[in-house]
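Undergrad: Give me a model of this one.
(chains A and B)
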Amino acid sequence: MLSIKGINKTYHTEDGDEILALTDIDLTMEDKEFVCFIGPSGCGKTTLLRIIAGLETPDSGTIFLNNEPIKKPGPDRGMVFQEYSLFPWRTVQKNITFSLELKKVPKAQREDISRRYLQLVGLSKFANSYPHELSGGMKQRVAIARALVNDPKVLLMDEPFGAVDAQTRNRLQQELLKIWEQERKTVLFITHSVDEAVYLADRVVVFSSRPGRIKETIKIDLPRPRDRTSVDANMYRERLLSSLGAEIENTID
Amino acid sequence: MDLGHGPRKRILELASIASAVVIWEIIARIINIKYILPSFTSVVTAFIGLVQEGELYRDILASLNYFVLGMGLAIAVGIPIGTMMGWFKSIDRAVDPIIEMIRPIPPLAWIPFAILWFGLTKYAAGFVIFIGAVFPILINSYTGFKNTPRVLVESGKVLGCTRNRDIIFRIALPSALPSIATGIRVGMGVGWMCVVAAELFGVSRYGIGWKIWHWNDLHHMDMVLTYMLVLGLIALTIDRLFRYIVQEWWLKWQAGLVV
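TA: Prediction:
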């Protein structure tokens, strides 16, 4: 279980201004739950994800993973970034085995594990390719495999499909759900797309901006596999859009 | 670099070189004073003579010896200092002013101290080449490390690469390699230019640079021109060889042209 308790975070700009990124964030995620964060730009959802990853520290509050407080990055949390983040000097396979090398896992075992995850993301043929030879969607699939190889409890994903085209995006969403069903991780997924949130999430957390706080939490009670165009899905989309719409108008004002 | 047009482009290149040689030969024959402009044929004759006597071989070896000494030291000093400055802000602040004071001094201005400190030895020549080559290597290493993409460092951290040493060697260094390679390539160019001057003060009876002055004193301009061309050819060979090694082996992971 991942529980976020009383998180506050303020940024200081170079001009000496203070920007309240997050105020009083409380949230609990069950094991194996798929949760989407959605909200206007600058609402602090990425900051929260980075705090959970251990890349940033909150001003106050604590995050517990199975009752252990999180202080720095650790193998129990994997992360997939919005930007392409593969190491360009390593082949696909060596990208996947990076964390295993650090843990001094023997070579034969590393290769076994990487084969398994390459198969999981459907890229077995590209084991020896370099990242520059891959398409955007393929790069993100490798990044997912690389994050899973540590067998983390939580998978943190910061708009991982934001930079790929719509068709690839739909396919990647399907594949991610398949992986999630096989591997059964808690997934925390940031998105800007209402459609993506309704298709993927068990629960959608809507953020409001300035200061960033949780506006509401909406449970998506739809059976899987979900039909993107069903009446029910549309209902959830409308609900999310109206919740977000008010937010976006606030941001403009 | 566009190699897509194959034989046609090659023919154009060869034709260009051939016409330059023909024009050179014609002008030299019109002027007809060997001292002002030796002809192409006389340079070829001089070159063949030098190869047959084995003298050219010894000169090239001597020059390469100084060059390797200077370059080796420049790489051994430039990369670590550049790394430390690029990675640690406090070291950058402390060392940068000193570097910026020394860097603008032309390498040749160091010759008096090179002789004073090392005598008329190959180390003195190597030192002058070192001064010429070290700054491009240092500064490009610095830039390479400083520009390590943040997302790569953070990816490393979440994958368990949290010790400073691991981050430097497993992420920042490979990420900086293209920049370091550029630095070495530029450094080799400057270093090779310094070879002529470094040999000028007579650390040995051999060396391409030394021979240029030697034959100049004897008014053998065909020899001077021969050694000049050899100097250029070797620089070209070293550069091409380095580029080949970098592209085919060292930085094969990069798409397209590297340096």
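Undergrad: Show residues contacting the helix or strand that residue A:232 is a member of.
TA: Secondary structure assignment for residue A:232, by DSSP states H and E: helix A:231-252. Where contact means C-beta atoms under 8 Å, 6 or more residues apart in numbering or on different chains, the residues beyond helix A:231-252 that reach it are A:38-43, A:194-195, A:197-199, A:204, A:206-210, A:215-216, A:218, A:220, A:222, A:226-227. (Each C-beta comes from the backbone N, C-alpha and C, glycine too.)
Undergrad: go again using 7 Å as the cut-off
TA: Among residues not part of helix A:231-252, those counted as contacts by C-beta atoms under 7 Å, 6 or more residues apart in numbering or on different chains are A:38-40, A:194-195, A:197-198, A:204, A:206, A:208-209, A:215-216, A:218, A:220, A:222, A:226-227.
Undergrad: now swap in stretch A:167-186 and tell me
TA: With contacts defined as C-beta under 7 Å, 6+ apart, stretch A:167-186 is touched by A:2, A:29, A:31-34, A:120, A:137, A:140, A:144, A:148, A:152-155, A:161, A:164, A:187, A:196, A:199-200, A:224.
Undergrad: still on that earlier bit, let me know the average pLDDT across the helix holding residue A:232.
TA: Here helix A:231-252 scores 83 as its mean pLDDT.
Undergrad: Quick one: distance of it to the chain centre.
TA: Centroid separation between helix A:231-252 and its chain, computed with C-alpha atoms, centre = their mean, to the nearest Å, is 21 Å.
Undergrad: Please apply the same query to stretch A:133-147.
TA: 14 Å.
Undergrad: Go through it and flag the buried ones.
TA: For stretch A:133-147, a neighbour-count test (16 or more other C-beta atoms under 10 Å in any protein chain shown) marks A:134, A:136-147 as buried.
Undergrad: Helices - which of the contacts of stretch A:167-186 land there?
TA: A:120, A:137, A:140, A:144, A:148, A:196, A:199, A:200 (DSSP state H).
Undergrad: Pipe these into a markdown table and attach distance to chain B and pLDDT per row.
TA: Formatted as a markdown table, these follow (distance: C-beta to the nearest C-beta, whole Å; pLDDT from 0 to 100):
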| residue | distance to chain B | pLDDT |
| --- | --- | --- |
| A:120 | 17 | 91 |
| A:137 | 18 | 93 |
| A:140 | 13 | 95 |
| A:144 | 12 | 95 |
| A:148 | 11 | 94 |
| A:196 | 21 | 94 |
| A:199 | 26 | 96 |
| A:200 | 21 | 96 |
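Undergrad: nearest to residue B:183, of the residues you listed?
TA: Residue B:183 has its nearest neighbour among those in residue A:140, at 33.0 Å by C-beta to C-beta.
Undergrad: how about low-confidence regions in the chain?
TA: All of this is about chain A. For chain A, the stretches flagged by pLDDT under 70 are A:248-253.
Undergrad: was after chain B, sorry
TA: Short version for chain B, where the test is pLDDT under 70: B:1-6, B:255-259.
Undergrad: What parts of it come near chain A?
TA: Residues of chain B lying close to chain A (C-beta under 7 Å from any C-beta of the partner chain) are B:151-152, B:154-155, B:157-162, B:166, B:174, B:253, B:255.
Undergrad: Check which residues of stretch B:162-174 are buried.
TA: Buried residues in stretch B:162-174 (16+ other C-beta under 10 Å): B:167, B:168, B:170, B:171, B:172, B:173, B:174.
Undergrad: can you give me the strands in the stretch 1-150 of chain A?
TA: Assigned strands in the stretch 1-150 of chain A, in chain order: A:2-12, A:18-29, A:34-38, A:60-65, A:68-69, A:77-80 (criterion: DSSP state E, counting those that start in this stretch).
Undergrad: For the second one, buried residues please.
TA: Within strand A:18-29, the residues that count as buried by 16+ other C-beta under 10 Å are A:20, A:21, A:22, A:23, A:25, A:27, A:29.
Undergrad: Show me the two of the residues you listed that sit farthest apart.
TA: A:20 and A:29 (23.4 Å).
Undergrad: could you measure the spatially most central residue of chain A against residue B:195, distance?
TA: Most central in chain A under C-alpha atoms, centre = their mean is residue A:157, positioned 1.5 Å from the mean C-alpha point. Look at residue A:157 and residue B:195: by C-beta to C-beta, to the nearest Å, they are 56 Å apart.
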